[in-house]
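>>> give me a 3D structure for the following:
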Amino acid sequence: MEVAIRPIELSDIAGFSACTAAVVAERHYLAHVEPFPIDETAKFVALNIRTGNPQFVADDGGRVVGWCDIVRGSLPVHSHRGTLGIGMLAAHRGQGLGTRLMRATLDAARGKGFEHIGLVVYGRNTHAQALYRKAGFREIGRRTRGKKLDGQYDDEVLMELVFDEVRP
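Model prediction:
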């Protein structure tokens, strides 16, 4: 059975929470080092659904194995922009699910009037950088040694995608 890519539902909160906790536990891809409390996760999902922020999950037979979301800027002058977050369980990486998740989420964002999508990825995460470039993102800056965890540094790479941007 193929993994389904679909909008998140309130019934996915526990599965989404478990999936994010597993990626957080790897201590490599996300800025957080502790899992999110379930009540915060529930508020995040409910807010995204209520406000129309695109959030999709990869559903493998009823189990959430990945997610992608875009959260709209909270200030009025930033309401045309969003920040992308994505994660995938280790066993499901490298199968094209990230591409499918991101495409569905970006298509939904465009349909909801987003014009600009930004993200931050770690310098050592070259696989994710390639995924983002494939989707049309470009690097716009770098915070040298922007991440420090367990005494180790990594750069933070800032990337953006501007819908309908005309490039020379």
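>>> what's stretch 50-65 in contact with?
Stretch 50-65 is contacted by residues 1, 3-8, 12, 15-16, 18-19, 45, 47-49, 66-72, 82, 88-89, 91-92, 97, 100-101, 104-106, 108-109, 112 when judged by Cβ atoms under 8 Å, 6 or more residues apart in numbering. The way it works is simple: take the backbone N, C-alpha and C, and place the C-beta from them, glycine included.
>>> now the residue most central in space within the chain: closest residue in space, sequence neighbours ignored.
Nearest to the mean C-alpha position of the chain, counting by Cα atoms, centre = their mean, stands Gly85 at 1.8 Å. Take Gly85 and drop its neighbours on the chain: the residue closest to it by Cβ to Cβ, 6 or more residues apart in numbering is Asp69, 5.2 Å away.
>>> secondary structure element for that neighbour?
strand 63-72 (DSSP states H and E).
>>> that strand - what's its average pLDDT?
Strand 63-72 shows a mean pLDDT of 98 in the predicted model.
>>> next: stretch 158-168.
Taken as a whole, stretch 158-168 has a mean pLDDT of 79.
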